[in-house]
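Colleague: I'd like to go over a predicted model; first the sequence, then the structure.
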Amino acid sequence: MEIDQEQEYRRAMGAFATGVTVVSAARGDGSLSGMTVNSLTSVSLQPRLLLWCLGDQSERYDVFAGADVWGVTVLGADHEVLARRFARAETETIARDEAELFGDAQVLRCGVAHFACRTFDRRQAGDHLIIVGEVLACRSAPGAALTYFRSRYGRADEPQSGSK
Ligand SMILES: Cc1cc2nc3c(=O)[nH]c(=O)nc-3n(C[C@H](O)[C@H](O)[C@H](O)COP(=O)(O)O)c2cc1C
């Protein structure tokens, strides 16, 4: 019964189409780790805050739960391969030439938007840690976005000018 309800919850949340991001944070040795994340949510404008939720079963939990400063890259439609790569701990390392310093954080060079964040608050909620970040810097670029809907990747094309 409980498993059925969990599956139903996953299915229902899967109907909520999202973008796809890679959160990046430095490990203790200075190398960079990336994780595919679609729980990104805007929280506040003044101050500028956003949040994402980190599962407590992740092998990379300590890196992301402990990071003071971290980056967010919103992936473009052509970057499904990166989304798949950073969903796996074995291929999580971001090479130096794939990243650049933006604000105080390292972000991927590609992407349709970037955020540099400093951890503002952390709250345990069930089996996830809610990580609230203060936005130190942000920028966006034109281009189609990668999407995630019903467990499948897709794309949201640049809107044509006209009705909003
Ligand atoms: C589209 C997509 C979105 C994801 N969003 C999140 C997320 O918001 N939070 C999270 O903790 N893991 C998320 N994951 C899972 C992580 O990317 C990763 O697979 C998981 O933490 C297991 O990592 P591990 O190999 O370090 O244990 C997402 C995976 C995918 C494919």
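Modeller: Looks like it arrived, so ask away. Everything quoted here is computed from the prediction, not taken from an experiment.
Colleague: E59 falls within a helix, correct?
Modeller: No. Assessed by DSSP: H, G, I helix; E, B strand; the rest coil, E59 does not belong to a helix; its assignment is coil.
Colleague: need the contact list for it.
Modeller: Taking C-beta atoms under 8 Å, 6 or more residues apart in numbering, we find E59 in contact with A89. (C-beta placed from N, C-alpha, C; glycine too.)
Colleague: please renumber the chain so that the first residue is 93 from this point on.
Modeller: Done: numbering now begins at 93, and the last item shifts to E151.
Colleague: contact residues of the chain facing the ligand?
Modeller: 112, 127-131, 144-147, 150-152, 175, 179-181, 240 (C-beta under 6 Å from any ligand atom).
Colleague: among those, name the ones in helices.
Modeller: A175 (DSSP state H).
Colleague: among the residues of the chain next to the ligand, name the buried ones.
Modeller: Among these, those buried by neighbour count (16 or more other C-beta atoms under 10 Å) are 112, 127-131, 144-146, 150, 152, 175, 240.
Colleague: which ones among those residues map onto strands?
Modeller: 127-129, 144-146, 240 (DSSP state E).
Colleague: ranges for the strands of this protein?
Modeller: With strands called from DSSP E, the chain shows them at 110-111, 113-118, 124-129, 133-136, 141-147, 161-166, 185-186, 191-194, 197-200, 205-217, 220-232, 237-241, 244-248.
Colleague: next, format those as TSV and append mean pLDDT.
Modeller: Below are the strands of the chain laid out as TSV (pLDDT from 0 to 100):
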stretch	mean pLDDT
strand 110-111	98
strand 113-118	98
strand 124-129	98
strand 133-136	98
strand 141-147	98
strand 161-166	98
strand 185-186	95
strand 191-194	98
strand 197-200	98
strand 205-217	98
strand 220-232	98
strand 237-241	98
strand 244-248	98
